[in-house]
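Colleague: when you get a sec, could you give me coordinates for this:
(one chain, ligands or ions: 2)
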Amino acid sequence: MNPFIYEYPVKTFFGVGSVGKHLGTLLRGYGENILLAYGGGSIKKNGIYEELTAILRESGKRVTEFSDIMPNPAYRKVQEGAELVRRHQIDFILAAGGGSVIDCCKIVAAQAKLEQDIWEMEFTKHQYPDIWVPMGAVVTASGTGAEMNNGAVITNEEKKIKAGVLGACADFAVLDPAYTLSLPMEQVISGAFDTLSHCMETYFGKPEEICLSDEIGESVMRNTIRNIRILRNDPQSMTARSELMWASAMGENGILKIGKITDFQAHQLEHQLGAYTDCNHGKGLAVIHPVLYRHIYRNHAARFARFAKEVWNIPEEGKTEETLALEGIQALADFIREIGLPTSFTEMGITEESVLRAVADSSNISAGCCKKLSREEMFEILKECL
Ligand code: NZQ
Ligand code: ZN
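Modeller: Ligands and ions are numbered 1, 2, ... in the order given. Alright, predicted model coming up:
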């Protein structure tokens, strides 16, 4: 295991009814000017907006609304939010939504305190914010685990880059599984696959020998797979929704990453695909993962074989490491099909090779734990995804 420092700053409130139970008290700790941030309007249809605004009113807060944050939030939206925060002298940002709303607010919170443009600051000068307007997150869609960390994924439409930007860390996160009841099942599943993806990207990182974080990761993966199946048969199951919501948080609260270097090449490819096509994050990942893994498994065959045994419960019985590894990847591909996620870019409406060339040419290449991909390999993998 690599040396590590672990600190967990987000106070987390979990359970049905937690917003009504805790939010009013939590808000007492902040000034009276609140920015209530949300997406395209789902919270106005499912009663969450009424509940939040009633609590804000009772707490005597003055509310400014920041609405229409789009899925895959755009950098121009961040600038709009930062301007609102400055103009209304906002003391606290309450983000109510999924990963997109929460991510947008993390960067709004930091940009509002900065004289300079945060994108230029991070990507040109490699400097990162250390102050921000305090914020809290009310999670309405799980999967990204965005409420648990200070990284935000933002699309800079002008530069055609979708990338991780570091911003605020929420002071608190409220996770009420009942808030996800109105989420279309398609989004529930693609979010849950994102959780599985975060676990896999960490599991196939370094070092190669198994560690406690990996064994916890196996457990989160098994739990996610089981609860996706339960929820597909019983969409009202609050037990399955609760498990998936907490698994989502576990995927990104740093615990699985303790002592590890993570891979995240599937994410880097998917994010750039998002920059060019605005596609759904979980769906893009579902297409990329099996293709990527067939390409790299030989470089870490023992771990892929263990993935087959421990996560997919595939019996070992005299098989070679390679056979077992491939059976595990096939089990992942079969599961993706079983739960109705796309198995090709074509199914997602992405058909042009020139787009994939641009994605391969502009993707940020990380450490690449099993195998660092060359641009040509990325292009080949993306073409196979068609
Ligand atoms: O905008 P509204 O009207 O609210 O509708 C949203 C949106 O259309 C809807 N929705 C959310 N809660 C709902 C609901 N509809 C009905 N009932 C509810 N309770 O769901 C749609 C998708 O929402 P979005 O926030 O975009 O989904 P998700 O949570 O999957 O977030 C995706 C974004 O997070 C980034 C992705 O790249 C993408 O931009 N990620 C963020 C990460 C992080 N910060 O740690 C890590 C991830 O790997 C990921 O990259
Ligand atoms: Zn993700």
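Colleague: check whether stretch 91-103 comes near ligand 1.
Modeller: Yes - Stretch 91-103 reaches ligand 1 (Cβ under 6 Å from any ligand atom) through 97-101, 103. C-betas here are computed from N, CA, C, even on glycine.
Colleague: start to end distance for that stretch?
Modeller: 18 Å (Cα to Cα, to the nearest Å).
Colleague: switch to numbering from 586
Modeller: Okay, residue one is now 586; in that scheme the one you just asked about reads as stretch 676-688.
Colleague: and it, average pLDDT?
Modeller: Regarding stretch 676-688, the rounded mean pLDDT is 98.
Colleague: residues of this structure that sit close to ligand 1?
Modeller: 624-628, 631, 656-657, 682-686, 688, 725-726, 728-731, 734, 736-738, 764-765, 767-768, 772, 776, 779, 837, 852, 866.
Colleague: tell me which of those fall in helices.
Modeller: 627-628, 684-686, 688, 772, 776, 779, 837, 852, 866 (DSSP state H).
Colleague: doesn't A758 make contact with L611?
Modeller: No - under the criterion of Cβ atoms under 8 Å, L611 makes no contact with A758, lying 10.4 Å away.
Colleague: mutual contacts of those two, please.
Modeller: 598, 721 (Cβ atoms under 8 Å, 6 or more residues apart in numbering).
Colleague: buried ones in stretch 906-926?
Modeller: For stretch 906-926, burial by neighbour count (16 or more other Cβ atoms under 10 Å) applies to 906, 909-914, 916-918, 920-921, 924, 926.
Colleague: need those in JSON lines (columns: pLDDT and secondary structure).
Modeller: Below are the buried residues of stretch 906-926 laid out as JSON lines (pLDDT from 0 to 100; DSSP: H, G, I helix; E, B strand; the rest coil):
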{"residue": "E906", "pLDDT": "97", "secondary structure": "helix"}
{"residue": "L909", "pLDDT": "98", "secondary structure": "helix"}
{"residue": "A910", "pLDDT": "98", "secondary structure": "helix"}
{"residue": "L911", "pLDDT": "98", "secondary structure": "helix"}
{"residue": "E912", "pLDDT": "98", "secondary structure": "helix"}
{"residue": "G913", "pLDDT": "98", "secondary structure": "helix"}
{"residue": "I914", "pLDDT": "98", "secondary structure": "helix"}
{"residue": "A916", "pLDDT": "99", "secondary structure": "helix"}
{"residue": "L917", "pLDDT": "99", "secondary structure": "helix"}
{"residue": "A918", "pLDDT": "98", "secondary structure": "helix"}
{"residue": "F920", "pLDDT": "99", "secondary structure": "helix"}
{"residue": "I921", "pLDDT": "99", "secondary structure": "helix"}
{"residue": "I924", "pLDDT": "98", "secondary structure": "coil"}
{"residue": "L926", "pLDDT": "98", "secondary structure": "coil"}
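Colleague: all strands of this structure, in order?
Modeller: 596-599, 618-622, 647-651, 677-682, 720-724, 736-741, 746-751, 757-760 (DSSP state E).
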